[in-house]
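Visitor: Okay, structure incoming, though there's no sequence with it:
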């Protein structure tokens, strides 16, 4: 890992001047810190991935299988036949450049191949040569080139500098979605045995243990019980959440990062406190203990394989519907893929209906899965919970829309509704950086790994800058989010670009404000930091 | 083919619109250039026939400008003939029928000059 | 860039020098072939796209979803209904909705990232496309072999020339299409980002369209032929009773050859965005996949690590932790014993 320069130096180093040579003649340099570590051979083999092998991006030879050209060609044909999106997006780009400065990685690196249009051209050029008449006849003149080993390296380099955030797609006059293209490119790379450790390891864990972190069932229970002890310390209330129990109304699934990693755990505690206060008839599952889906960063089939557990567990436990926690790509999968892939839902499930308010979630009639902020916003609207927002008065809060709920779901106002009820001081970041125009945290789609920290901080520049703006102007000291990856990636982002801002989940703030029956006087928040007016 | 119920109507609409120049003329028979009523006596206009067909609007515009703004009433043609600049007295003395001469060609080609906003329309001798 | 310019110049040279001497080919055979290639090629491309399914419902949501009653959904930017989706497509196709969002990002000292609203591309793209549409419609006065043209054609002509400048009256769309094309070209040449990504296939259509519009302008205002003769030729051409094109001015052949080239080039180029925009799954689908089933025709069978396998892996640990089990360790042991025998 290379040493991370300070924020000023890094910002100064961004050079938007392009090389004079054609992009086809410029090759990426695999310096440490510019690439994710490769997946281990046994991980890939264990998952039945094709051509598992040992390789190192920094080395010249990546040990590709002998018939890699054939594999790549066949996979490309397969993807073109299966995905109209990909096929159309290969053909209709006019290179108007509207997407160019919409990508956080371009803004943070100045590398022309991080412009979405050029990222797509990396694969489009190969497509042209093999699948268009002009490309076959005119070659480079028609923007076509042969797929060689250097191109594969280039793909690995740049398609792991895309977080599939879809910001470019919003501005594209034809809706060309780089996430679709990145998904295809990564799927192709996986076909010749190239994957990254940070993605394949969680996938492997999730497959076997039920969650990305590889927490085994007994350990999962222990950790949750440990969090319950903390809740008792803060509130005086003892909670015993049910695990793997049949016969409850609701199955609750959230990313395992919330169970395991600071500051996600406070959000998880928030969920448990809310459910306890409501007397909600729910259960957790250790088998389906992962809301996130790193399989979605591998291939459609891997996404399906991991996601299938949710409905399978809902069927086994006999629940009526599923409540989902705060997570970004989890909700992209649930919204746009889950029911298509693994539906129809088991017969024991029905259209979600809040047992507290009676609200029927018709918008989730097919997936039968409700987002926790939809659920909580509905509670607040119906005055079913008591919140004391003054407990969050020492916080000036802003909200980071994660890419997937924003542009792959349209979940924008629900978390704001909840936050405004739980906090008195709420400030929005500049309008070009929020809601559907939100910027990535720099670590989505499996890029939230340490070895590329400098790259992440570069990608985090637009978000960090917007945060710094409201920090300086409005004194913002807390950034709320609804994503477990954000909770892992935003703290280093804030430390780097806007030091002094704390990152929280939305339900952490809800739980801090939540007035619970029989609770002791709160003197500290869930992090066990003293509340400012505690001495009075 | 997938989503055929949306795509077929789209394709049909596209083909119908972009072939419209071809089918809109169906049944109209062979197209002849509009037969304008030529003067019975004169064989030669102010300038050559080709020039007049392509550039008459320019000539008329020029005539108007010099007659009204410079009060110049003489035009010497390419062949040296001298003409009095006057729509009423020169042009219309031969082309005496707007409907049979001007309109024929203008209507067919979608041209709508504003000569007659000021000038009296010639209606022929009958 | 130079290659594309050269290609258009060579085409122009052929039209000017060769075409008037081969009126049969350049006046009749080529235009027919071009229209045929255009229609067949376009339809083939659409069918080719349509052959691939849309396995997942992946709209890019540009606004609030429909969820709770008290939260106002973005009916057009994040449509839930078919009507909303049609509305979104209309906005996209007719008004370039997405391009309207365009911003320009700039990194200033500080560091400070600033976003400017940037609508130039949007407005000039609209100007170009609508001018093109109006000019296309205007040309129907030369396609229709009737004595008196329908009112709508006259009306468009009147509005387009309402400035009443010059003789023949100047069409605003002529100037606007050239302005639009020149803006798009200048962007490509002078914005370093766009220049870096531009291919010959991006310049060629611009030069070709400049050639088409330019030759049209020349023909109308500066190098006039007899319009009645031209129309006689065109109407008989489109009525499938072509008459000889000999004697028509070279500028007409230039115009015609450029258009023929455009028609032939169109289906095999990025210009197919005209058809493709309708098939873009991030725009033409409602954001309702949580409420309504979306079918994937190639959905593979479910293969996943089942709960039974999971419990087999962790049964003893789960038992110790007091987690409920489907099969107790004792039962499992008994079954394993039975299987051995």
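Guide: Ah, there it is. Here the structure is a predicted model, which is why all the values come from computation and not from measurement.

Visitor: Can you say which helix or strand has the closest residue to chain B within the stretch 301-450 of chain A in it?
Guide: Minimum separation of the stretch 301-450 of chain A from chain B (CB to the nearest CB) falls at residue A:340, amounting to 14.1 Å. Where C-beta positions appear, they are placed from N, C-alpha and C, glycine not excepted. Assigned by DSSP states H and E, residue A:340 falls within helix A:339-342.

Visitor: Please name every helix or strand in contact with the next helix or strand after that helix.
Guide: Counting by DSSP H and E, the next helix or strand C-terminal to helix A:339-342 is strand A:369-371. Contacting strand A:369-371 under the criterion 3 or more CB pairs under 8 Å, 6 or more residues apart in numbering or on different chains; DSSP states H and E are the following elements: strand A:321-324.

Visitor: avg pLDDT for the helix or strand just after the strand it packs on?
Guide: Downstream of strand A:321-324, the next assigned helix or strand under DSSP H and E is helix A:328-333. Helix A:328-333 carries an average pLDDT of 96.

Visitor: what's in contact with helix A:328-333?
Guide: A:164, A:255, A:291-293, A:296-297, A:303, A:307, A:324, A:371, A:402-405, A:408-409, A:411, A:444-445, A:482-486 (CB atoms under 8 Å, 6 or more residues apart in numbering or on different chains).

Visitor: returning to what we had before: if you count contacts, what does the helix holding residue A:340 end up packed against?
Guide: Packed next to helix A:339-342, using 3+ CB pairs under 8 Å, 6+ apart, are helix A:300-317.

Visitor: Is residue B:53 in contact with residue C:231, as I believe?
Guide: No: using CB atoms under 8 Å as the test, residue B:53 is too far from residue C:231 to be in contact (12.0 Å).

Visitor: So for those two, which sits in the more crowded spot?
Guide: Neighbour count, other CB atoms under 10 Å in any protein chain shown: between residue B:53 and residue C:231, residue C:231 has more, with 22 against 18.

Visitor: What pLDDT is listed against that one?
Guide: 94.

Visitor: Give me the three-state assignment for it.
Guide: Each residue gets one of three states, and residue C:231 gets helix by DSSP: H, G, I helix; E, B strand; the rest coil.

Visitor: Helix or strand: which one has the residue lying closest to it once chain neighbours are set aside?
Guide: Of all residues beyond its chain neighbours, the one nearest residue C:231 is residue C:142 (5.0 Å), with distances taken as CB to CB, 6 or more residues apart in numbering or on different chains. Per DSSP H and E: residue C:142 is located in helix C:140-143.

Visitor: same thing with residue B:75?
Guide: Assigned by DSSP H and E, residue B:75 falls in strand B:74-76.

Visitor: so how far is that strand from its chain's centroid?
Guide: 23 Å (CA atoms, centre = their mean, to the nearest Å).

Visitor: Just checking, which helix or strand succeeds it along the chain?
Guide: Moving toward the C-terminus from strand B:74-76, the next helix or strand (DSSP H and E) is strand B:82-84.

Visitor: Sort out which residues of the helix or strand just after that following strand are buried, please.
Guide: Using DSSP H and E, the next helix or strand after strand B:82-84 towards the C-terminus is helix B:92-94. By 16 or more other CB atoms under 10 Å in any protein chain shown, the buried positions in helix B:92-94 come out as residue B:92.

Visitor: Heading C-terminal from helix B:92-94, find the next helix or strand.
Guide: Taking DSSP H and E, what comes next after helix B:92-94 is helix B:104-108.

Visitor: Briefly note if that next one comes near chain C.
Guide: Yes: Helix B:104-108 is in contact with chain C by CB under 8 Å from any CB of the partner chain, via B:105, B:107-108.

Visitor: by contact count, what packs against that helix?
Guide: helix C:227-238.

Visitor: helices or strands next to the very next helix or strand once past the helix it packs on in the packing?
Guide: Once helix C:227-238 ends, the next helix or strand along the chain (criterion: DSSP H and E) is helix C:250-265. Applying 3+ CB pairs under 8 Å, 6+ apart, we find helix C:250-265 packed against helix C:2-13, helix C:30-51, helix C:200-217.

Visitor: got the contact list for the helix or strand following helix C:250-265?
Guide: The element immediately downstream of helix C:250-265 (helix or strand, assigned by DSSP H and E) is helix C:273-276. Here helix C:273-276 makes contact (CB under 8 Å, 6+ apart) with A:88, A:91-94, A:173-174, B:14, C:42, C:45-46, C:49.

Visitor: what about the helix or strand just after helix C:273-276, average pLDDT?
Guide: From helix C:273-276 onward toward the C-terminus, using DSSP H and E, the following helix or strand is helix C:307-320. Throughout helix C:307-320, pLDDT has a mean value of 96.

Visitor: So what's the residue count around residue 274?
Guide: Assuming you mean chain A. 20.

Visitor: that's the wrong chain, I meant chain C
Guide: 15.

Visitor: Model confidence for it, exactly?
Guide: 96.

Visitor: do the same with residue B:94
Guide: Residue B:94 is assigned a pLDDT of 88 by the prediction.

Visitor: Helix or strand for the closest residue to it other than its chain neighbours, just tell me which one.
Guide: Spatial nearest neighbour of residue B:94, excluding adjacent residues (CB to CB, 6+ apart): residue B:39 at 3.8 Å. When elements are assigned from DSSP H and E, residue B:39 belongs to no helix and no strand.

Visitor: Residue B:39: neighbouring residues, count only.
Guide: With other CB under 10 Å as criterion, residue B:39 counts 13.

Visitor: Then residue A:157?
Guide: So residue A:157, with other CB under 10 Å, has 19 neighbours.

Visitor: Now do the same for it: helix, strand or coil?
Guide: Classification of residue A:157 by three-state DSSP places it in helix.

Visitor: close enough to count as contact, it and residue A:35?
Guide: Yes: with contact defined as CB under 8 Å, residue A:157 reaches residue A:35; the gap is 6.4 Å.

Visitor: Mutual contacts of those two, please.
Guide: residue A:57.

Visitor: quick revisit: which members of the contacts of helix C:273-276 are the farthest-apart pair?
Guide: Comparing all pairs in the contacts of helix C:273-276 by CB to CB, the longest separation belongs to A:93 and B:14, at 21.1 Å.

Visitor: Tell me how far residue B:65 lies from residue C:221.
Guide: 17 Å (CB to CB, to the nearest Å).

Visitor: The two: who's more crowded?
Guide: When neighbours are counted by other CB under 10 Å, residue B:65 and residue C:221 differ, and residue C:221 comes out ahead with 16 against 12.

Visitor: burial count for the residue nearest to residue C:231?
Guide: The tally of other residues near residue C:142 (other CB under 10 Å) stands at 19.

Visitor: Could you verify my assumption that it touches residue C:232?
Guide: No: if you go by CB under 8 Å, residue C:142 and residue C:232 don't touch, sitting 9.9 Å apart.

Visitor: Excluding covalently adjacent residues, which one is nearest to residue A:319?
Guide: Once chain neighbours are set aside, the closest to residue A:319 by CB to CB, 6+ apart is residue A:251, at 4.3 Å.

Visitor: Then residue A:440?
Guide: residue A:165 (4.1 Å).

Visitor: what sits against that neighbour?
Guide: By CB under 8 Å, 6+ apart, the contact list for residue A:165 reads A:104, A:179, A:403-404, A:407, A:439-440, A:444-445.

Visitor: Switch those over to JSON lines; also include pLDDT and secondary structure.
Guide: Shown next, in JSON lines, are the contacts of residue A:165 (pLDDT from 0 to 100; DSSP: H, G, I helix; E, B strand; the rest coil):
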{"residue": "A:104", "pLDDT": "97", "secondary structure": "helix"}
{"residue": "A:179", "pLDDT": "96", "secondary structure": "helix"}
{"residue": "A:403", "pLDDT": "96", "secondary structure": "helix"}
{"residue": "A:404", "pLDDT": "96", "secondary structure": "helix"}
{"residue": "A:407", "pLDDT": "97", "secondary structure": "helix"}
{"residue": "A:439", "pLDDT": "97", "secondary structure": "coil"}
{"residue": "A:440", "pLDDT": "95", "secondary structure": "coil"}
{"residue": "A:444", "pLDDT": "93", "secondary structure": "coil"}
{"residue": "A:445", "pLDDT": "94", "secondary structure": "coil"}
